[in-house]
Every structure is written in structure tokens, then in C-alpha cells.
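Colleague: Using only what follows, build the 3D model:
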Amino acid sequence: MEEYSAIQDMYFGRRGTSEYIKNSQRYQEILTEYIDAMEELEGELKKFPKLLALYEKAEALHEEMHAESLDTHYCEGFRFGVLMGLDVMK
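Modeller: Take a look at the predicted model:
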């Protein structure tokens, strides 16, 4: 029987990618509320094109900031996981 390898799972894309991480039920609930609120807000902001453009710019920057934060935390978590593994091997 072949020994399981988490490293191979990660390398071949079977684990550790966003496609294989299922969001929680609470996340889905928040997402639904967020979409409803955003649609309502954007509907109101269409009455004020300058405010809508400013809002869209701010929202895009917020999304970019969030993505950068996720990348940073994922990398740090991975680094710390390796350090923990090395500590266990001692």
C-alpha cells in the first residue's frame, strides 16, 4: 500500500487550493446578506454617479487589500507549519 503524502497532494493540486475548501454555512449566509445590501446600495448610488465611481474605487481597493492580507497570512501559516514540523522531528 502506498504511503500518503500531503506534499504530493499539494503539488498535484488535490489539496490546499481554494477549489477544495468549502465555505461554511455561516459564510454563505453572510454572502447572501452582503449581496443583497450591495445591490441595494449600488441602486441608490446610481442616483449619484460621482459617489458611485468613488465607492467602486474604494471597494476595489478593499478587495485588493483583503487578497493581499490573505496571501500574507497563508504564507506565514505555511512557514510556521514547516517550523512546527521541524520542531517535532527533533
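
Colleague: only C-alpha atoms for contact and neighbour calcs from this point on.
Modeller: OK.

Colleague: So for the residue positioned nearest the centre of the chain, what pLDDT did the model give?
Modeller: For the chain, the residue whose C-alpha lies nearest the mean C-alpha position (CA atoms, centre = their mean) is residue 70; its distance is 5.8 Å. The predicted local confidence for residue 70 comes out at a pLDDT of 91.

Colleague: Kindly report the same for residue 65.
Modeller: Residue 65 is assigned a pLDDT of 97 by the prediction.

Colleague: how close does residue 55 sit to residue 43?
Modeller: For residue 55, the distance to residue 43 under the criterion CA to CA, to the nearest Å works out to 12 Å.

Colleague: Have a look at those two and say which one is more surrounded.
Modeller: Higher neighbour count among residue 55 and residue 43: residue 55, with 15 against 12, using other CA atoms under 10 Å.

Colleague: Where does that one sit, in terms of helix or strand?
Modeller: Following DSSP states H and E, the helix or strand that holds residue 55 is helix 49-89.

Colleague: which strands and helices sit next to that helix?
Modeller: helix 25-45 (3 or more CA pairs under 8 Å, 6 or more residues apart in numbering; DSSP states H and E).

Colleague: on contacts alone, who are the packing partners of the helix it packs on?
Modeller: By contact count (3+ CA pairs under 8 Å, 6+ apart), the secondary structure elements abutting helix 25-45 are helix 49-89.

Colleague: so the helix it packs on versus helix 25-45, what angle?
Modeller: Taking axes from the mean of the first three to the mean of the last three CA atoms, to 10 degrees, helix 49-89 and helix 25-45 form an angle of 160 degrees between their directions.

Colleague: ok now helix 49-89, how far from the chain's centre?
Modeller: Remark: helix 49-89 is offset 7 Å from the chain centroid, using CA atoms, centre = their mean, to the nearest Å.

Colleague: Also stretch 1-10?
Modeller: Its chain's average C-alpha position is 25 Å from that of stretch 1-10, according to CA atoms, centre = their mean.

Colleague: Now do that stretch: everything it contacts.
Modeller: 15, 16, 17 (CA atoms under 8 Å, 6 or more residues apart in numbering).

Colleague: change it to 6 Å
Modeller: Identification of contacts with stretch 1-10 by CA atoms under 6 Å, 6 or more residues apart in numbering yields 15, 16.
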